[in-house]
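A.B. asks: When you get a sec, could you give me coordinates for this:
(one chain, ligands or ions: 3)
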Amino acid sequence: MEAAHTPHQRPPFAVLMVNLGTPDAPTPDAVRRYLAEFLWDRRVVDLARPLWWLILNGIILRTRPRRVAKNYQEVWTEEGSPLLAISRQQQRGLAASLKQATGQDIPVVLAMTYGNPSMEAAGRELRQLGAERILVLPMYPQFSATTTAAAFDRLAASLKHCPHWPELRYIRDYHQHPAYIEALANSVRQAEAKRGAPFEKLVMSFHGIPQRYAAQGDPYPRHCQATAEALAQALGRQPDQWLLTFQSRFGKEPWLQPYTDASMQQLGEQQLQSLGVICPGFSADCLETLEEIAGENCEIYEQAGGHGFHYIPALNAAPEHLSMLTQLVLEQSQGWMPPLNAPLSVQ
Ligand SMILES: C=CC1=C(C)c2cc3[nH]c(cc4nc(cc5[nH]c(cc1n2)c(C)c5CCC(=O)O)C(CCC(=O)O)=C4C)c(C)c3C=C
Ligand SMILES: [Fe+2]
Ligand SMILES: [Fe+2]
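C.D. replies: Numbering: from 1, shown residues only. Ligands and ions are numbered 1, 2, ... in the order given. Presented below is the predicted three-dimensional model:
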């Protein structure tokens, strides 16, 4: 049988969907391997190497994997880590949606910045598919050097010894894309419709980064603020009806504030009757949303006296998310689609 894309059926372009990465198993060994790769990236932790090597190998990788593996066990599914399982659904869903929108087979290949599927494996897949033009789609709506640029670094590293570079385009961010804001707004509206009433307060919790990185010029906090304001506006929420917070703090230096966990404590003490929590920066549910927000932060809120905590899932593989991603891909691949009935052929 012929491969899906023989050289004579070279696709007009391919999409390389990239997300962060996740351990291969919810075990201390697998978590240690994952954290060792992730936390050694200078984009993520920029401390001087000798000092960081000692802290990472002497303390963090000896203690954290056991604790974090337990957290992963709480959210692990039959299909594996939620982040990988959902990314696979998004990959298949986007390919199907692009086929429907264009009538063409536009391959969507998945890679993780850390762990598996690796950038090298994705590169081999793209070569086999004969993809000469690649649209890189980091699944981070807000740009940060710690995530989006790290994905680009990893892609460039994987191409270091490649003699035949593809043409590359890179989606830097989509934090204000109208279809993204509308998809988020609809997910809040749906959650409220199910409840039968609007949430008294809406928390928009984004993954944090060290304040120092923002001071050095990372535009991430500005992007989060712009997303949050656009979402609040789409929902018609007044400033006292929503709150932007930052979660997943790591290490001792100050990160972006207000912190999600401290805010949950304060909101719980106010004895709210209902609280919606959405994490607009996570395109797929993962450890940081399912365990940290829907688990830990819900507990903080309830123990402080709050009621009616409701976690609003990430956009995941919802049809509205797939159609938003399709729109984004078509906008960013302008000029790459051949006229109808004229598939590219190999010279
Ligand atoms: C150490 C510094 C970290 C920075 C900076 C950081 C930025 C950052 N991360 C995400 C998205 C995700 N992070 C996830 C897990 C995770 N993040 C860090 C650390 C930093 N992140 C760690 C150590 C971990 C692993 C878990 C733990 O040990 O606590 C995940 C989930 C992965 C999964 O397997 O489910 C995502 C997604 C963003 C968007 C971001 C900056 C904008
Ligand atoms: Fe993170
Ligand atoms: Fe966390």
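
A.B. asks: quick one: low-confidence parts of this structure?
C.D. replies: 1-8, 339-347 (pLDDT under 70).

A.B. asks: what does it put close to ligand 1?
C.D. replies: By C-beta under 6 Å from any ligand atom, the residues of the chain that approach ligand 1 are 20, 22, 35, 39, 44-45, 64, 68, 81, 83, 140, 144, 146-147, 207, 209, 220, 248, 250, 281-282, 286-288. Placement of C-beta: from N, CA and C, glycine included.

A.B. asks: Restricted to helices, list the residues you listed.
C.D. replies: Members of the residues of the chain next to ligand 1 lying in helices (criterion: DSSP state H): 35, 39, 64, 68, 83, 220.

A.B. asks: Let's have these in a markdown table, adding distance to residue 227 and neighbour count.
C.D. replies: A markdown table is the format used below for these (distance: C-beta to C-beta, whole Å; neighbours: other C-beta atoms under 10 Å):
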| residue | distance to residue 227 | neighbour count |
| --- | --- | --- |
| 35 | 28 | 18 |
| 39 | 26 | 18 |
| 64 | 30 | 17 |
| 68 | 27 | 19 |
| 83 | 20 | 27 |
| 220 | 11 | 26 |
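
A.B. asks: For those, give me TSV that also has distance to residue 93.
C.D. replies: Below are these laid out as TSV (distance: C-beta to C-beta, whole Å):
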residue	distance to residue 93
35	29
39	31
64	33
68	29
83	15
220	27
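
A.B. asks: Quickly name whichever of the residues you listed is closest to ligand 3.
C.D. replies: The closest of these to ligand 3 turns out to be residue 68 (C-beta to the ion; 8.1 Å).

A.B. asks: Which residue, neighbours along the chain excluded, lies closest to that closest one?
C.D. replies: Computed as C-beta to C-beta, 6 or more residues apart in numbering, the closest residue to residue 68 that is not its neighbour in sequence is residue 31, at 5.2 Å.

A.B. asks: just how off-centre is the helix or strand where that neighbour lies within its chain?
C.D. replies: Element membership of residue 31 [criterion: DSSP states H and E] is helix 28-39. In this view, helix 28-39 has its centroid 19 Å away from the chain centroid, taken as C-alpha atoms, centre = their mean, to the nearest Å.

A.B. asks: Contacts for the helix or strand just after that helix next, please.
C.D. replies: Using DSSP H and E, the helix or strand that follows helix 28-39 towards the C-terminus is helix 49-55. Defining contact as C-beta atoms under 8 Å, 6 or more residues apart in numbering, one finds that helix 49-55 is touched by 40, 45, 47.

A.B. asks: Please point out which parts of stretch 263-277 sit buried.
C.D. replies: By 16 or more other C-beta atoms under 10 Å, the buried positions in stretch 263-277 come out as 263-265, 267-268, 272, 274-277.

A.B. asks: Which parts of the stretch 101-250 of the chain are strands?
C.D. replies: 108-112, 133-138, 167-170, 201-207, 242-247 (DSSP state E, counting those that start in this stretch).

A.B. asks: Assess the claim that the residue nearest to residue 68 and residue 65 are in contact.
C.D. replies: Yes - in terms of C-beta atoms under 8 Å, residue 31 counts as a neighbour of residue 65; the distance is 4.2 Å.

A.B. asks: what are the ranges of the helices in this structure?
C.D. replies: Under the criterion DSSP H, the chain contains helices at 28-39, 49-55, 61-75, 82-102, 119-128, 150-158, 178-195, 211-215, 220-235, 260-269, 298-303, 319-332.

A.B. asks: Let me see the contact set for the residue of the stretch 1-150 of the chain found nearest ligand 1.
C.D. replies: Closest approach of the stretch 1-150 of the chain to ligand 1 (C-beta to the nearest ligand atom) occurs at residue 22, with a separation of 3.1 Å. By C-beta under 8 Å, 6+ apart, the residues touching residue 22 are 34, 81, 83-84, 112, 115, 286-287.

A.B. asks: burial count for the residue of the stretch 101-250 of the chain found nearest ligand 3?
C.D. replies: Residue of the stretch 101-250 of the chain nearest ligand 3, by C-beta to the ion: residue 248 (4.2 Å). A count of nearby residues for residue 248, using other C-beta atoms under 10 Å, gives 19.

A.B. asks: Spit out the contact partners of it.
C.D. replies: Listed by C-beta under 8 Å, 6+ apart, the contact partners of residue 248 are 207-208, 288, 292.

A.B. asks: Now with 10 Å, please.
C.D. replies: By C-beta atoms under 10 Å, 6 or more residues apart in numbering, residue 248 lies in contact with 205-209, 255, 259-261, 279, 287-289, 292-293.

A.B. asks: likewise residue 277?
C.D. replies: Neighbour list for residue 277: 191, 199, 201-205, 243, 245, 247, 260, 263-264, 267, 289, 293-294, 297-298, 301, 309-312 [criterion: C-beta under 10 Å, 6+ apart].
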